[in-house]
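**Q** Fold the stuff below for me.
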Amino acid sequence: MFPTRPKALIDGFAGACSAPGETLHRPDPVTWQCWVNLPADLTAAAIVDHDGTLSALPQLVVQLQVAQTPDGRFTATLQDYLNVPQASGPARRIASGGPSAQEARIGLLRDMGGQIVR
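**A** Here you go, the predicted model:
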């Protein structure tokens, strides 16, 4: 939870998604997504393990959502998942990370001035 809009967090997230093979998307006004191409071996494993297709390759998606609450504060949520396109139907979203990944996300939000609400 942030008392004001966390501009530094948003700008830092958007700025960090600028390496080759990374693409920043804004699917809606409160969401920023960094779509990251995977190395060839991880791409192949994701296709095989999750019935993917070669016509659209799997990518890692790191997502930041920042929304204003009714009391004027802001919530920020970080998540990441593997997006595996399928031959038919919607892409599969495979949650990534475990407790250590979650703690890293919480640490980043705390370091940016957020108060953690569980």
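**Q** and the helix ranked longest in the chain, what does it pack onto?
**A** Looking across the chain with DSSP state H, the single longest helix is helix 99-111. The contact analysis (3 or more CB pairs under 8 Å, 6 or more residues apart in numbering; DSSP states H and E) places helix 99-111 against strand 74-84. For glycine as for every other residue, the C-beta is placed from the backbone atoms N, C-alpha and C.
**Q** From the chain's centroid, how far away is the following helix or strand past the strand it packs on?
**A** Next along the chain after strand 74-84, taking DSSP states H and E as the criterion, comes strand 92-95. How far strand 92-95 lies from its chain's middle: 12 Å, per CA atoms, centre = their mean, to the nearest Å.
**Q** What of stretch 15-23?
**A** 13 Å.
**Q** buried set for that stretch?
**A** residue 17 (16 or more other CB atoms under 10 Å).
**Q** List the neighbouring strands of the strand or helix carrying residue 36 plus their orientation.
**A** For residue 36, the element it lies in under DSSP H and E is strand 31-37. Its sheet considered, strand 31-37 pairs with strand 22-28 (antiparallel), strand 59-68 (antiparallel) by DSSP bridges.
**Q** hmm, who's touching that strand?
**A** Identification of contacts with strand 31-37 by CB atoms under 8 Å, 6 or more residues apart in numbering yields 10, 13-14, 16-17, 21-27, 43, 57, 59-65, 83.
**Q** If any of these are buried, give me the PyMOL selection for them.
**A** Command for PyMOL, covering only those of the contacts of strand 31-37 found buried under the criterion 16+ other CB under 10 Å:
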select buried, resi 10+13+17+43+57+59+60+61+62+63+64+83
